[in-house]
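Novice: got a sequence here, can you build the structure:
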Amino acid sequence: MRTQLRGLPVLVCAAPEFDPASAPDEPVELFVGWLRHAIDSGVTEPHAMTVSTVSGRCPSARVLILKDVDTHGWHFAVSALSRKGVELARNPAVALTFYWPSLGRQIRVEGTARADPPQLTADDFLARSEDARAMALTGRQSQPYADDAEVDAALVKAHHELGQSPGLVPADWVSYAVWADTVEFWQSDPGRRHRRLRYERDDEGWSAMRLWP
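Specialist: Numbers count the residues shown, from 1 in each chain. Modelled structure (predicted):
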């Protein structure tokens with residue numbers, strides 16, 4: 001397997017231009033610019049991100065969808081009953097990783113997950129598709145099961161509940177905003193002279209520094 005993996009091409013993308021010297025003072029503006037470029041370039045699911053949390057002594061990672069980014073942070077939502085929700089309740093430290101291979105770009109966000117206001121959480125849930133809301137209403141994410149009939153029955157019940165109460169929002173649904181301490185932007189280079197810009201937050205705001213490739 002090692003030989004086969006060594007033979008796979010890497011960094012063959014047509015990397016966009018990135019001059020760290022002309023980057024904005026705050027990372028959110030640069031992130032939004034890169035995200036919009038990824039959308040316009042046709043990147044598949046550019047808002048998909050790896051969310052890493054702490055589970056005991058080990059990291060725990062899964063892919064979720066970014067719902068928004070603003071001055072409050074990077075937003076995503078989970079069930080408090082899910083594994084990810086339980087981990088965040090125990091330890092709000094979180095890291096987000098975005099990777100767009102076709103653009104040779106990667107963004108890392110590290111910080112603390114803070115619960116959004118209840119209305120924002122409700123708006124997030126109600127904006128989901130009916131199928132997604134029904135699955136969330138089962139309250140069984142990450143639990144083991146033995147037969148597909150269990151899932152089918154739970155979904156029938158959940159769809160019925162939605163039909164009776166279209167505005168229903170489960171109490172366990174939580175929207176989070178990641179208040180970032182650091183944000184790093186990485187632009188690949190075939191010659192390995194990658195361009196990296198790291199923002200760090202302190203009491204006075206953001207500072208930026210270039211990192212060795």
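Novice: all contacts plus neighbour counts: C-alpha atoms, from now on.
Specialist: OK.
Novice: and the residue nearest the centre of the chain, bridged to which residues?
Specialist: Residue closest to the average C-alpha location in the chain (CA atoms, centre = their mean): residue 49, at 3.7 Å. Per DSSP bridges, the residues bridged to residue 49 are residue 64.
Novice: right, and it touches residue 61 too?
Specialist: No. Counting by CA atoms under 8 Å, residue 49 stays clear of residue 61, with 9.9 Å between them.
Novice: so how far is residue 76 from the residue nearest to the centre of the chain?
Specialist: Residue 49 sits 10 Å away from residue 76, going by CA to CA, to the nearest Å.
Novice: for residue 26, same thing?
Specialist: Distance of residue 26 to residue 76, computed by CA to CA: 21 Å.
Novice: what about the nearest residue to residue 86 once chain neighbours are set aside, neighbour count?
Specialist: The shortest distance from residue 86 to any non-neighbouring residue, by CA to CA, 6 or more residues apart in numbering, is to residue 80 (5.9 Å). By other CA atoms under 10 Å, 19 other residues sit near residue 80.
Novice: for residue 80, what are its contacts?
Specialist: Residues in contact with residue 80 (CA atoms under 8 Å, 6 or more residues apart in numbering) are 86, 89, 172, 173, 174.
Novice: so for the longest helix seen in the chain, what gets flagged as buried?
Specialist: Determined from DSSP state H, the single longest helix within the chain is helix 148-164. If you call a residue buried by 16 or more other CA atoms under 10 Å, then helix 148-164 has these buried ones: 154, 155, 158, 159, 162.
Novice: closest to residue 99 among the residues you listed?
Specialist: Residue 99 lies nearest to residue 155 out of those, by CA to CA, at 33.3 Å.
Novice: wait, the closest one touches residue 133, no?
Specialist: No. Counting by CA under 8 Å, residue 155 does not reach residue 133; the two are 9.9 Å apart.
Novice: got the contact list for the residue nearest to the centre of the chain?
Specialist: Shown in contact with residue 49 (CA under 8 Å, 6+ apart): 63, 64, 65, 66, 96, 97, 98, 99.
Novice: how about 10 Å then?
Specialist: 61-66, 76, 95-100, 107-108 (CA atoms under 10 Å, 6 or more residues apart in numbering).
Novice: derive a ChimeraX selection command for the buried subset of those residues.
Specialist: A single ChimeraX command selects the buried members of the contacts of residue 49 (16+ other CA under 10 Å):
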select :61,66,76,95,96,97,98,99,100,107,108
